[in-house]
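Colleague: Everything below, folded, please.
(chains A and B, ligands or ions: 1)
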Amino acid sequence: MSGRRLDQGGQVDRSQPLSFTFEGRAYTGFVGDTLASALLANGVSVVGRSFKLHRPRGLFAAGSDEPNALVQLETGARTEPNLKATEIELYEGLSARAVNCWPSARFDLGAVNGLADRFFPAGFYYKTFMWPDWHLYEWAIRRAAGLGKAPKDADPDRYDMRFAHCDVLVVGGGPAGLAAARAAASGGARVMLVEQDAALGGRLNWDAAAIDGTDGLAWTDKVLEELDAAEEAQVLTRTTAIGYFDHNLIGLVERVSDHVEQADSDKPRQRFWQVRAGQVILATGVEERPIVFPGNDRPGVMMASAVRRYLNQYGVAAGQSAVIFANNDEAYLTADTLHAAGVEVAAIVDTRVSVSPDVLAAMSTRAVPIYSEVQITATRGRKALSSVLVSGAQVDEWIDCDLLAVSGGFNPRLQLFRQSGGKPDYDEAKAMFVPDLSVQAETSVGGAAGELGLGEALTVAHEAGVAAVAESGYRAADLVAPVADSRAPQLTPFWRVDEGKGKAFVDFQNDVTVEDIALSARENFVSVEHLKRYTTLGMAPDQGKTSGVTGLAILGELTGRSVAETGATADRFPFVPTALGTLAGQARGELFRPIKRMAAHEVHEELGAVFEEYGGWARPAYYPEPGESGWDAEQREALCVRQAAGLFDGSPLGKIEVVGPDAGTFLDRIYANRLSNLKPGRLRYGLMLNELGVVIDDGVAACLGENHFMVGTTGAGADTIAAWLEEWHQTEWPELDIVIAPMTQQWGVLTLSGPRARDILDAVGVEADISAEAFPHMRFIETNVAGVPARIFRVSFTGELSYEVNVPARRMPDMWRAFMTAGQPFGLSSVGLDAWMVLRTEKGYLHVGADTDGATVPDDIGWARVMKKQSDFIGRRSLTQPENLRTDRYQLVGLETVGSNAMLPVGAHLFMGGADGGSEGYVTSSGFSPTLQHGVALAMVKGGRARMGQVFEVRMDKALHRARIVDPCFYDPSGDRLND
Amino acid sequence: MLRITCPYCGPRDELEFRCGGEAHIVRPGPPETVSDEDWGAYLFQRQNPVGAHHERWVHEGGCRQWFHLVRDTRTHEVIAVYKMDEPKPEVPE
Ligand SMILES: [Zn+2]
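Modeller: Alright, predicted model coming up:
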């Protein structure tokens, strides 16, 4: 194959040259070229290597069906693998390389696989690399077999996401789509027309046709003007519909700035649209399909429609001397087109017995030799085609050519229709799958509906546009449907040549041959879905666009079934490979999952806090002083709470108010323990279970007043518990007269804890009497603190005298500073979560979600007493299920190291007699107590409470420790400090 | 991606909703009268029909109200939407 640019013709702008490189060599193309057309114009014949056998391959198609020309575009962070050269619009400075070959497509060392190809039949990998485990081999195979390379650095480009609604969405801007959109938009409805290419017109761009007595492209311009004039109509070019989802939601990828050298910084690279359409009109056209024959993958063998497209749209002749191999009338159109452009047509090889005289009469040239009832049974040429063998009853002749234009018929593009749930049917007369049963509000027109005659396609599309807007309550204007020639190309099915020598490829990208399909059939993989997986037919980046139907037709022939009986494989999202960045849109980096900041975040920053994410919040882990490590800070802060006092930001703790006459009844059903008898001003610790009896949250509930409670939850549970309370109220007990109000973010929480806490709170200035007598442990008061309205809960998570001072969230920064200033003389320190966790572990206080898991019931954590409660509550019945009554369940215990003061790692397993004996339990919480100067840990141990004093082995890296089961409370077990 | 008509807010994208599973499951009680088997069935046995399925949904990103809908599990067609206190509509199997 030796392609060349013609002096005239096509839509490229010869006055605007563009330079680019492919495989490191410099070339020139023009504005209007794709990378593929520019390569062809420069005579580049080998554009890639096949996936498995590394065979040299040339351009085969001109659109999204291209199986061979996969490239790695650009380098560095912007590099993108496996793009089809046919879909890349050329821009100044473009650089690309072929994928799957080294060092280059022309000289590929991996081609040694081709010499060994007898060892690579279908299912080779499955059969060969199964012992002992596929994963043992996978890395090496993947490295050898990979296509392009993913970028190593973060993508510097920006991606956008848009949601849209319309009455009618027309997919495809060819003649049928244009006719449908024009009719639909004429009545004022919201119409969107999307076209994957840069220009509207579809096939009119390469096959000239008259519409309404004028040139097809002039007609296209006129329709575009009409659509531009219609206020509610929108036309998106360079936009591919990639997915058809439930309830008429269509995913579109708009390539906003892929075609320009340097993206405008105001514009994203691509935009992902999610369009909810009242009606969808699928005008996606047809895909030409090949005929499979021996030697069909030699560079120079090309789809006939692609040959015409390169010629007429890009002004590029794909060869000097062409042979046409077809089973349908378009062979003659191709011959005519080539001849008109000055390319020699050496022969038309028609598999059919005869051709209609009309078709021959329509040709402008008579000089082309025509062979009927013949096949091509072999090809020759080194790296590029040089001749083909034409075989038939009367002929057996090598014909020299560097281009073979092949056409085996046409497949309507049913991918979106199939994704919508639609069922296709095989039309024997047309030899194609056509849309049959619609499930969603869509209709197919034109080639997508199997209508190959232009005139008929335009009429039907026009009517579909009128009908679609009528569904939305609009009336299309009284327009006449566009008129054109209605003749459709005639075809006699012919799928493959069953003679001759050489490999006959069905799927070029994955190197699946007729032989492989035959092997699959012999091994009884006769369902199309099995065939696909066993041979990988249609599983390459082109998703079987050129190979799918042909492959299953061949399977049908080999197994004595019709195409209809064989059926087709499913089509799945996306229609074309899509960049992950496009689907992610702006949801990346910090915006992927925005982290919440507490009201006093900036004060914590000023104090030098090191933040970590806990339950969606950025919370101070510790506040290091100069020269301190995180560990040093944690230990100092924990000790400070025991010896003086610490100030901890507890704002994320869940605060949900429940108000109303039935509030007590509701809480009795929600909590495993009783709450309805709690008196105003009192607090009670409570456990919440799910219906399985599993502990899902805990916290302190407060009775704020008559029929007015506040449910305290863990920080992680704040949102989920609020939603869960609503669910139970609305769905199970709507008769209860209550209101549930999540207040978590309205209140900030200053948690003051330590022996000097009362002195400090006094120094800050509190109106109420906070003496031990007036305000004991587990009480609540509402008062003013430093002149700010506050709710103070006397509750402790550290075991020290503690006040949780709730103030309006916006007052938090001021209040934090006021507390720190007032507390300075008493040795107050800011305390982060790390120290907080050490303190609660010293006390053996439960941390739901750390010490418990999805199987922990109350008895496992020492709360068997909930069983004595008289009334029903969520999860109550599950607690007496046999599984939950077993005595060898995991139970929460304390763990103290024997013979060392080491800190045990969380997650470490406990063993009795060496590792062979199996795990007896595992560490759930662990810290080093600065007060006790040894590690403190909590663990879940099988039947643990009955095993006090037993010693276990704990593995920690390579070291082996010994640990004894003890009471979970390591510090101040009598609770004197708490009640101080 | 379904399009669901919230009985309080109107048609909205599925993104705004959360599905709470099968609807009209009666919570057995009081606990002491319920057998292990019946309780197990309440917790775990679900219909999973081919066709009309009655479900609970909540408009989480909107009015936060729970409601019922009937969905065809084959086509995802939303056959009916009704409030918690409205009777179960008659739908073809
Ligand atoms: Zn709503």
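Colleague: hang on, A:Val235 is in a strand, isn't it?
Modeller: Yes: the assignment for A:Val235 by DSSP: H, G, I helix; E, B strand; the rest coil puts it in a strand.
Colleague: What's opposite it in the beta bridge?
Modeller: Beta-bridge pairing for A:Val235 (DSSP bridges): A:Leu193.
Colleague: check contacts around it.
Modeller: A:Gly173, A:Ala181, A:Met192, A:Leu193, A:Val194, A:Glu195, A:Leu200, A:Leu224, A:Leu227, A:Asp228 (CB atoms under 8 Å, 6 or more residues apart in numbering or on different chains). For glycine as for every other residue, the C-beta is placed from the backbone atoms N, C-alpha and C.
Colleague: Tell me how far A:Ala763 lies from the ion.
Modeller: Distance, A:Ala763 to the ion, by CB to the ion, to the nearest Å: 50 Å.
Colleague: Tell me the spacing between the residue nearest the centre of chain B and B:Ile79.
Modeller: The residue lying closest to the centre of chain B (CA atoms, centre = their mean) is B:Glu55, at 1.6 Å. Going from B:Glu55 to B:Ile79 by CB to CB, to the nearest Å gives 11 Å.
Colleague: and what of A:Leu224?
Modeller: Relative to B:Ile79, and taking CB to CB, A:Leu224 is found at 41 Å.
Colleague: Kindly report the same for B:Phe44.
Modeller: 26 Å.
Colleague: And these two? Which one has more around it.
Modeller: Neighbours per residue, other CB atoms under 10 Å in any protein chain shown: of B:Phe44 and B:Ile79, the larger number sits with B:Ile79, 16 against 8.
Colleague: which residue packs closest to that one, ignoring adjacent ones?
Modeller: B:Val70 (4.3 Å; CB to CB, 6 or more residues apart in numbering or on different chains).
Colleague: That neighbour bridge partners, please.
Modeller: B:His54, B:Ala80.
Colleague: Any idea how many residues pack against it?
Modeller: By other CB under 10 Å, neighbour count at B:Val70 equals 19.
Colleague: intersection of neighbour lists for B:Glu55 and B:Ile79?
Modeller: B:Leu69, B:Val70, B:Arg71.
Colleague: Quick one: residues contacting the first one.
Modeller: By CB under 8 Å, 6+ apart, the contact list for B:Leu69 reads B:Ile4, B:His54, B:Glu55, B:Trp57, B:Val78, B:Ile79, B:Ala80, B:Val81, B:Tyr82.
Colleague: can you redo those residues as JSON lines with pLDDT?
Modeller: Formatted as JSON lines, the contacts of B:Leu69 follow (pLDDT from 0 to 100):
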{"residue": "B:Ile4", "pLDDT": "97"}
{"residue": "B:His54", "pLDDT": "97"}
{"residue": "B:Glu55", "pLDDT": "97"}
{"residue": "B:Trp57", "pLDDT": "98"}
{"residue": "B:Val78", "pLDDT": "95"}
{"residue": "B:Ile79", "pLDDT": "96"}
{"residue": "B:Ala80", "pLDDT": "96"}
{"residue": "B:Val81", "pLDDT": "97"}
{"residue": "B:Tyr82", "pLDDT": "97"}
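Colleague: Just flag the most distant two among those.
Modeller: The most widely separated members of the contacts of B:Leu69, counting by CB to CB, are B:Ile4 and B:His54 (14.3 Å).
Colleague: hmm, back to that, of all the contacts of A:Val235, which comes closest to chain B?
Modeller: Nearest to chain B among the contacts of A:Val235: A:Met192, at 17.1 Å, using CB to the nearest CB.
Colleague: Tell me how far the closest one lies from A:Val526.
Modeller: 43 Å.
Colleague: for A:Glu254, same thing?
Modeller: As judged by CB to CB, A:Glu254 and A:Val526 stand 42 Å apart.
Colleague: With neighbour numbers in mind, choose between the two.
Modeller: More crowded of A:Glu254 and A:Val526, by other CB under 10 Å: A:Glu254, with 20 against 16.
Colleague: Can you say which helix or strand has the more buried one in it?
Modeller: Here A:Glu254, judged by DSSP states H and E, is contained in strand A:249-255.
Colleague: Would you mind checking the average pLDDT for that strand?
Modeller: Mean per-residue pLDDT for strand A:249-255: 98.
Colleague: elements contacting that strand?
Modeller: strand A:239-245, strand A:270-282 (3 or more CB pairs under 8 Å, 6 or more residues apart in numbering or on different chains; DSSP states H and E).
Colleague: Could you list the paired strands of it along with their orientation?
Modeller: strand A:239-245 (antiparallel), strand A:270-282 (antiparallel).
Colleague: Roughly how far does A:Trp816 sit from A:Gly715?
Modeller: Counting by CB to CB - A:Trp816 and A:Gly715 are separated by 18 Å.
Colleague: Give me the neighbour count for residue 52.
Modeller: Let's take chain A. 21.
Colleague: To clarify, I was referring to chain B.
Modeller: Neighbours around B:Ala52, by other CB under 10 Å: 18.
Colleague: which residue packs closest to it, ignoring adjacent ones?
Modeller: That would be B:Val91: by CB to CB, 6+ apart, it lies 4.8 Å from B:Ala52.
Colleague: how many other residues sit next to the one you found?
Modeller: 13.
Colleague: Strands of chain B, residue ranges please.
Modeller: For chain B, the strands defined by DSSP state E cover B:3-6, B:10-13, B:18-22, B:52-58, B:66-72, B:78-83.
Colleague: Nearest to A:Val353 among these would be which one?
Modeller: strand B:66-72 (50.1 Å).
Colleague: Okay, angle between that closest one and strand B:78-83 too, please.
Modeller: If you take axes from the mean of the first three to the mean of the last three CA atoms, to 10 degrees, strand B:66-72 sits at 160 degrees to strand B:78-83.
Colleague: Check whether strand B:66-72 comes near the ion.
Modeller: No: applying CB under 5 Å from the ion, one finds strand B:66-72 separated from the ion by no less than 7.9 Å.
Colleague: quick check: angle from that strand to strand B:18-22?
Modeller: 70 degrees.
Colleague: Averaged pLDDT, strand B:66-72. What do you get?
Modeller: Here the average pLDDT along strand B:66-72 is 97.
Colleague: Number of residues surrounding the closest residue to B:Pro31 other than its chain neighbours?
Modeller: Distance criterion CB to CB, 6+ apart; nearest residue to B:Pro31, sequence neighbours excluded, is A:Arg877 at 4.0 Å. A:Arg877 has 26 neighbours, counted by other CB under 10 Å.
Colleague: Backbone dihedrals for A:Arg877, please?
Modeller: phi -70, psi -30 (degrees, to the nearest 10).
Colleague: and if you look at A:Ala367?
Modeller: Dihedral angles for A:Ala367 - degrees, to the nearest 10 - are phi -80, psi 0.
Colleague: With neighbour numbers in mind, choose between A:Trp816 and A:Gly715.
Modeller: A:Trp816 (24 against 19).
Colleague: hang on, isn't that one packed against A:Glu605?
Modeller: No: using CB atoms under 8 Å, A:Trp816 makes no contact with A:Glu605, being 11.5 Å away.
Colleague: which neighbours do those two share?
Modeller: Common neighbours of A:Trp816 and A:Glu605 (CB under 8 Å, 6+ apart) do not exist.
Colleague: Do you know the pLDDT at the closest residue to A:Ala448 other than its chain neighbours?
Modeller: Distance criterion CB to CB, 6+ apart; nearest residue to A:Ala448, sequence neighbours excluded, is A:Thr284 at 4.4 Å. A:Thr284 is assigned 98 on the pLDDT scale.
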